[in-house]
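> Quick one, fold the following:
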Amino acid sequence: MFTNIKRPLVVLSLVLWIVGCNALDNDKKVSLRHGIDESAGGLPAYIVSIANATFYLEKDGGGLSSMLDADGIDWLGFNDSKGSGHQGEYRGFPNAIHKQDGDYFHALNASTDKSSSKVEIDSPQHVRIVFTSGNGKWQGQWDFYPQRLDFTMLQVSEGYQYWVQYEGVPGGEMDDSDFWYASADSKLHVINEPFEGDLPAPEWFAFGDIKSSRMLYLLHHEDDEHPDDYVSRPHMTVLGFGRSEKNKFLSTPQTFSIGFVESSDYQEVEQFIKKLL
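Numbers count the residues shown, from 1 in each chain. Down below sits the predicted model:
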């Protein structure tokens, strides 16, 4: 006798569930626009927003010039002032090709060689931008998703190596309140403590500021036996996957993720990063 009553309730529940799912999807979109990164000296940039970050991908150099969290704080702090060094012109991501058949995939500074770019995908769930070096021998692919950004070195110039680096400012400024986690152990490490060696799989690093409830993470999707290196400078981090001192070790196509995780608890950060794989 209750059959006719239950059926409308089931239909109503299904409708509410679909509406709820659509609302969640609307909160997790990717948007692309074109503009200027004023903090980087007025450089032209692809400006891509995801759920909890806004990226400024500099159009001529092919590297990130700014990476803003949900509160508008820039965790890169690049500027193109010649001679600024660690205080500006060195910063960015992935800063991958340095004096290796050119200087590519770095926000444009005095020594960066230019690249060309093409938007291949522009949808609410995925934006893809591909950069090709000026000499045509390197190619880097940027894939923006609602929760992260992937950088893939698609093409490597024959006979050369590269590294992938995060050179930035955790929480907007490099100071004693900053710290890092990594896949090597579950300890909190002060920002000026170095790391050298091959990170265990999955290879990841995360930077935080005790004044912030979030962290910036970096993940190397492929496991390898190459060294990974972290050292602090007075004004920025220097984390390099496939790096030891100034030596580069990566020679094949590889993928790396970068983004924010809204936690500073080691276990939660680790679980979030592992889910990306």
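
> Which parts of the stretch 1-150 of the chain are strands?
Taking DSSP state E, counting those that start in this stretch, the strands of the stretch 1-150 of the chain run over residues 31-37, 43-49, 53-58, 64-69, 115-123, 126-133, 139-145, 148-155.

> want to throw those into JSON lines with distance to L188?
Glycine gets a C-beta too; all of them are placed from N, C-alpha and C. Formatted as JSON lines, these follow (distance: least, CB to CB, whole Å):
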{"stretch": "strand 31-37", "distance to L188": "32"}
{"stretch": "strand 43-49", "distance to L188": "30"}
{"stretch": "strand 53-58", "distance to L188": "23"}
{"stretch": "strand 64-69", "distance to L188": "20"}
{"stretch": "strand 115-123", "distance to L188": "38"}
{"stretch": "strand 126-133", "distance to L188": "34"}
{"stretch": "strand 139-145", "distance to L188": "28"}
{"stretch": "strand 148-155", "distance to L188": "23"}
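
> would you list those in CSV and tack on mean pLDDT and distance to T237?
As requested, the strands of the stretch 1-150 of the chain are exported to CSV (pLDDT from 0 to 100; distance: least, CB to CB, whole Å):
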stretch, mean pLDDT, distance to T237
strand 31-37, 98, 20
strand 43-49, 97, 22
strand 53-58, 98, 17
strand 64-69, 98, 13
strand 115-123, 98, 24
strand 126-133, 98, 23
strand 139-145, 98, 21
strand 148-155, 98, 17
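
> Reformat those as TSV; add mean neighbour count and distance to E225.
Listed next are the strands of the stretch 1-150 of the chain as TSV, based on neighbours: other CB atoms under 10 Å; distance: least, CB to CB, whole Å:
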stretch	mean neighbour count	distance to E225
strand 31-37	14	37
strand 43-49	19	33
strand 53-58	24	31
strand 64-69	25	28
strand 115-123	14	30
strand 126-133	20	27
strand 139-145	22	23
strand 148-155	20	18
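
> Looking at those, spot the one closest to I191.
strand 64-69 (17.5 Å; CB to CB).

> residues near N192, how many?
13 (other CB atoms under 10 Å).

> I'd assumed it was in a strand, is it?
No - going by DSSP: H, G, I helix; E, B strand; the rest coil, the assignment for N192 is coil, not a strand.

> Enumerate every residue touching it.
Shown in contact with N192 (CB atoms under 8 Å, 6 or more residues apart in numbering): S232.

> so G88 touches L76, yeah?
No - between G88 and L76 there is no contact under CB atoms under 8 Å: 10.1 Å.

> Give me the more crowded residue out of the two.
Higher neighbour count among G88 and L76: L76, with 26 against 22, using other CB under 10 Å.
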